[in-house]
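# the following block contains a protein sequence and its predicted model.
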Protein chains: 2
Amino acid sequence: MTVQTKPTTVTLGPITGSRKIYVPVEGRDDMAIPFREIALDPSAREEPVRVYDTSGPYTDPSSHIDLEQGLLPLRAPWLARRGYASVTPREVTAADNGYAPADRLVTPCPAPHTVFEGKPGQLVTQLEFARAGIITEEMIYVAHRENMGRARMLEGAEARRADGEDFGASIPAFITPEFVRAEVAAGRAIIPANINHPEIEPMAIGRNFLVKINANIGNSAVTSSAAEEVEKMVWATRWGADTVMDLSTGRNIHNIRGWIMRNSPVPIGTVPIYQALEKVGGEAEKLSWEVFRDTLIEQAEQGVDYFTIHAGVRLAHVPLTASRVTGIVSRGGSIMARWCLSHHRESFLYERFDEICEIMRKYDVSFSLGDGLRPGSIADANDAAQFAELETLGELTKIAWDHGCQVMIEGPGHVPMHKIKANMDKQLAVCGEAPFYTLGPLTTDIAPGYDHITSAIGAAMIGWFGTAMLCYVTPKEHLGLPDRNDVKTGVITYRIAAHAADLAKGHPSARLRDDAVSRARFSFRWQDQFNLSLDPDTAQAFHDETMPKEAHKVAHFCSMCGPKFCSMKITQDLREEAARMAGMESKSAEFRDMGATLYVPEHAPAKEDR
Amino acid sequence: MTVQTKPTTVTLGPITGSRKIYVPVEGRDDMAIPFREIALDPSAREEPVRVYDTSGPYTDPSSHIDLEQGLLPLRAPWLARRGYASVTPREVTAADNGYAPADRLVTPCPAPHTVFEGKPGQLVTQLEFARAGIITEEMIYVAHRENMGRARMLEGAEARRADGEDFGASIPAFITPEFVRAEVAAGRAIIPANINHPEIEPMAIGRNFLVKINANIGNSAVTSSAAEEVEKMVWATRWGADTVMDLSTGRNIHNIRGWIMRNSPVPIGTVPIYQALEKVGGEAEKLSWEVFRDTLIEQAEQGVDYFTIHAGVRLAHVPLTASRVTGIVSRGGSIMARWCLSHHRESFLYERFDEICEIMRKYDVSFSLGDGLRPGSIADANDAAQFAELETLGELTKIAWDHGCQVMIEGPGHVPMHKIKANMDKQLAVCGEAPFYTLGPLTTDIAPGYDHITSAIGAAMIGWFGTAMLCYVTPKEHLGLPDRNDVKTGVITYRIAAHAADLAKGHPSARLRDDAVSRARFSFRWQDQFNLSLDPDTAQAFHDETMPKEAHKVAHFCSMCGPKFCSMKITQDLREEAARMAGMESKSAEFRDMGATLYVPEHAPAKEDR
């Protein structure tokens, strides 16, 4: 087997039927917010539809992509003004790459990277700025991004928001930078943005913002390479991943991460205990605070934006899992349980939590407090172990906040529908409204191979109830590592769940795209329908399978019903006829106040065959 | 293009990892209930898992399948005892097959078929028997089938049922024939079973039974053939379709239906107005009561088990759709709206509803009262047109019941999550608890190509709330006619939704399969995990993509984590170690009452590298 020592290419170019636009921010020459704009057929006489875009410069044909140089550090000037000290980075050791032999060592990413850290007394984290009443550039960016670049309140937005059930969330019709600041200050939202990751396009995770999704990538000891992982990151963000977690566990873990960090336009999360375990040869008993601390600093310097830390797996919680059907299914959770039990000691992550906070604050690495005891089966959902850990996570949230750190909380897992809401309610209650970030949950265990679907059901529901970010599940869950196709399927499926949640919460801009699709559908603007969909290529390919001819793209029917049975065609014909009868002139005006006039008048021409 | 004039082959053989069994019914030599039994690895020391089976004789290697002979008429002896009159069937006309020219005419299915009808005063429908206090063979069959052939109450079933939220449903821990009778008598459940369809394995649709799913098949004027449609029927039931609707609209509609009827082990539904429209050359205005009546009799004689009839689309409702984004999206609804408007008359389906009931009662064809005004977009959900029609359907339900007819009610469509429950609540309230049968609903419009997923979210939820049958949506929805793969994806997706709903309702037997999968997963019984899943072939193929070697089927890890990071392996190791320390002997007993003893005792061997 030959080893690719570095990534060379990734997927580039716009998503079919759309173009990248940058909307300037008034009074800010250093800021332009990226969106994707979908132009509609002129017959529609509608404005282009603007959609949220996570894909970074890769979908912009005018951008110059060089993986060895990394992305342009968008945030560098903002960070420079904050005056952080550049420091000599920690020395990279052979252990950082799992002692990969020279002929299999991934080349380090040569992109320039100066390491900064905040000093005591300096404001570093977005939470610290927010509390100090300071609106950062990241907050301004987020506000415009969440508004889809609109300069003012959406027409009818208040009304649309009223058409929803938000379970106590309070999504304004228009997001101001001050609103973002207030949400971050309250701990209700985070902006994961390590000061050593200047390349990201800032985004927010919180229940008063659009529901976000995360895609997991990462090699394992068994499979995958650096080139594949960088491509997966680009591919996942292309289709809509708001953040990416690098869950690599094999060799070359440090160097692969370097390539990902320097080339990622979205925040990157990791689980540092995975690398720490590699450093001690895979034996959980040998883990120590020292090696964990070293790993935190290593990754924070590389720019990782959030760390999953399973500090809620306490010694006393482990026995609560003894009667479970599937025990502990979180890798980090099981590693820490093993450590606690073999040493018969309290978790060092719990005991050293203050020190962990101090380190993470220096770089503004956000916490993603891991749910190491999440249920791995329907049988284990909402059990004592799970909720005991959640209460500990609530306690740790407050400590992290005291240190000025941003925090979100990870959630399950496998949960039947009737037990989902209790998860959200309890999380809100015990974690002070810190953003919830769940894996699914899967609503049944019986469909390996389709767990993107079993979990999309739970994800949509918990997103509606208030979860701020949904971690995707791919069709390969429980069976193998996802490939590129699985990553796309997982991302699209979770974009569906997140959007369904935004709609149900009454997010003021969510329905714009649904309505645009529906109008296109009703007007037989097939190309617009494809382009407006989450996956234009698949929509068009499916259509073309049965009706491949170009003419059919404008046909007023499709292969499902044929011309005689097309309900939309019949309805349109009816409306036209009614309008003609009523003597109305303009087709666009005809249905506004039609009401009873839709009846065909009595003096309609007699039909031959009544 | 050559035309296949008849179907010759269909998919045969057992589903991977399972075998067909027939469980005898005590005291009934004429009845044995089919199930699929999944044997587990001997190491599991568990009973085989029995699952509900819709696939008919096609998955039984010992059955002789001959499409020209049709399936064995299981119900024939039961029906014979009821003494219905055999009648001379209505003559088949050229119009019945859409005037297909001789060289393109599908051969009629030669399977023997005597046509029966009930006379006035005779008990014919399952509702009539139920009201008379008579338990039919169909009811006995259904009871045993719903119990998965168990002879007594499930252990712990009451407790498990309590672990659910059933929103007012009342699912007993054990289903008796008398319970089935009572549910049918109350109109809360139907057993669609035309007396001219003796080949079916009876099943029930009602919210106190397992949630069912329907798969739509059918050719259109544009595409598809007889052989394909019969194979789709067999294929759909193989993967779990409880009923199949034949929505054909092209030529040969009568003869294709004949092949489907004689070879279907599940109830078949149709929308008779489609064929009626073909008979009048596709012009809705030319429809008449006479041609519709003729079509009802034609199809009832063939044995169709339920008819979708859009009698709720009244003249006065049509103007309510004028301001909709997507107008009328039901084919049947739009056809009737067109008829009403062009004639400026009340719908003949509504006006002749008593006569329709009289016809359907004679054969025990169940009503599926169509929602011709269902919303076709998020924008139109729960609007005045939709709910006005639903109220009419409630009124018609009572009329049909007065005539002794079985009734279910069709529901939407496109509905955002926060508006789903209102649909169920309103349906229960206005339709007297007649079973609800919904199409999805789709929870967003923005993902054509993935509408099996957008709708599985809504389907799982509305199934939980009380919908008795979920009509599948395939990935091709809005784009084209589903092929064989799409049918399978749609069926598996809807089995997920239905099962997630059963779990959440607290159905006493639903969790058995989840738990079996979870135990297999935790014990690394890979083959058991595949075999227990809804789609064993896909689960195994996905696993083998990254870990193809045979040895990996018994590996205590997988490609996702590799051996060092496998949480389940770590947990198992921990448990074993703890058990050893505690001096326990049997692995199976070790965790029952473990509790605090899971701690490693203080005198554990010192670790070298603390």
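Now that the structure is in, tell me what you want to look at.

# give me the residues contacting stretch A:130-137.
A:28, A:30-31, A:75, A:78, A:123, A:126, A:129, A:139, A:177-178, A:180-182, A:184-185, A:191, A:202, A:404 (CB atoms under 8 Å, 6 or more residues apart in numbering or on different chains). In short, each C-beta sits where N, CA and C put it, glycine included.

# what of stretch A:498-508?
The contact list for stretch A:498-508 (CB under 8 Å, 6+ apart) reads A:154, A:157-158, A:160-167, A:169, A:171, A:173-174, A:210-213, A:459-461, A:463-464, A:467, A:470, A:510-511, A:513-514, A:534, B:378, B:416-418, B:443-444, B:446, B:454, B:457.

# from these, which ones fall inside strands?
When DSSP state E defines the strands, the subset of these inside them is A:212, A:213, A:470.

# in CSV, list the residues you listed along with pLDDT, distance to residue A:45 and neighbour count.
Formatted as CSV, the ones in strands among the contacts of stretch A:498-508 follow (pLDDT from 0 to 100; distance: CB to CB, whole Å; neighbours: other CB atoms under 10 Å in any protein chain shown):
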residue, pLDDT, distance to residue A:45, neighbour count
A:212, 98, 33, 27
A:213, 98, 33, 27
A:470, 98, 36, 31
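
# gap between the residue positioned nearest the centre of chain A and residue A:381?
By CA atoms, centre = their mean, chain A has its centre lying nearest to residue A:213, at 2.3 Å. In this view, residue A:213 and residue A:381 are 22 Å apart by CB to CB, to the nearest Å.

# pull the longest helix from chain A.
What stands out as the longest helix in chain A, according to DSSP state H, is helix A:484-505.

# show me which residues of that helix are buried.
Residues A:486-505 are the ones in helix A:484-505 that count as buried (16 or more other CB atoms under 10 Å in any protein chain shown).

# could you do stretch A:30-42 as well?
Using 16+ other CB under 10 Å as the test for burial, stretch A:30-42 gives A:31, A:32, A:33, A:34, A:35, A:36, A:37, A:38, A:40.

# now check the helix or strand residue A:277 falls within, is it near chain B?
Per DSSP states H and E, residue A:277 falls inside helix A:272-279. Yes - using CB under 8 Å from any CB of the partner chain, helix A:272-279 reaches chain B at A:274, A:277.

# right, and the helix or strand after that helix?
Using DSSP H and E, the helix or strand that follows helix A:272-279 in sequence is helix A:289-302.

# what residues of that next one count as buried?
Within helix A:289-302, the residues that qualify as buried are A:291, A:292, A:293, A:294, A:295, A:296, A:297, A:298, A:299, A:300, A:301, A:302, counting by 16+ other CB under 10 Å.

# of these, list those near chain B.
Applying CB under 8 Å from any CB to the buried residues of helix A:289-302, none is adjacent to chain B.

# so can I have CSV of the residues you listed showing pLDDT?
Below are those laid out as CSV (pLDDT from 0 to 100):
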residue, pLDDT
A:291, 98
A:292, 98
A:293, 98
A:294, 98
A:295, 98
A:296, 98
A:297, 98
A:298, 98
A:299, 98
A:300, 98
A:301, 98
A:302, 98
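
# and which of the residues you listed is nearest chain B?
Nearest to chain B among the buried residues of helix A:289-302 is residue A:291, at 10.2 Å by CB to the nearest CB.

# circling back: which of the contacts of stretch A:498-508 count as buried?
Buried members of the contacts of stretch A:498-508, counted by 16+ other CB under 10 Å: A:154, A:157, A:160-161, A:163-167, A:169, A:171, A:173-174, A:210-213, A:459-461, A:463-464, A:467, A:470, A:510-511, A:513-514, A:534, B:378, B:416-418, B:443-444, B:446, B:454, B:457.

# is chain B within reach of stretch A:367-375?
No - using CB under 8 Å from any CB, we find that stretch A:367-375 stays clear of chain B, coming within 8.9 Å at best.

# quick one: end-to-end length of that stretch, please.
End-to-end span of stretch A:367-375 (CA to CA, to the nearest Å): 21 Å.

# repeat that for stretch A:436-444.
End-to-end span of stretch A:436-444 (CA to CA): 21 Å.

# with chain B in mind, check whether that stretch reaches it.
Yes - using CB under 8 Å from any CB, stretch A:436-444 reaches chain B at A:443, A:444.

# and that stretch, how far out from the chain's middle?
With CA atoms, centre = their mean, to the nearest Å as the basis, stretch A:436-444 stands 14 Å off its chain's centre.

# in a markdown table: the ones in strands among the contacts of stretch A:498-508, plus distance to residue B:430.
Below are the ones in strands among the contacts of stretch A:498-508 laid out as a markdown table (distance: CB to CB, whole Å):
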| residue | distance to residue B:430 |
| --- | --- |
| A:212 | 40 |
| A:213 | 38 |
| A:470 | 36 |
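
# and these as TSV, adding distance to chain B?
Listed next are the ones in strands among the contacts of stretch A:498-508 as TSV, based on distance: CB to the nearest CB, whole Å:
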residue	distance to chain B
A:212	16
A:213	14
A:470	12
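
# need the distance between the two termini of stretch A:205-212.
From its first residue to its last, stretch A:205-212 covers 7 Å (CA to CA).

# show me what counts as buried in stretch A:72-80.
Neighbour-count burial for stretch A:72-80 flags A:73, A:74, A:75, A:78, A:79 (criterion: 16+ other CB under 10 Å).

# same deal with stretch A:123-135?
Within stretch A:123-135, the residues that count as buried by 16+ other CB under 10 Å are A:123, A:124, A:125, A:126, A:127, A:128, A:129, A:130, A:131, A:135.

# surely the second one and residue A:365 touch.
No - Residue A:124 sits out of contact with residue A:365 when judged by CB atoms under 8 Å, with a separation of 10.1 Å.

# what separation do you get for residue A:384 and chain B?
For residue A:384, the distance to chain B equals 11 Å [CB to the nearest CB, to the nearest Å].

# that residue against residue A:320, yeah?
Yes - between residue A:384 and residue A:320 there is a contact under CB under 8 Å: 4.8 Å.
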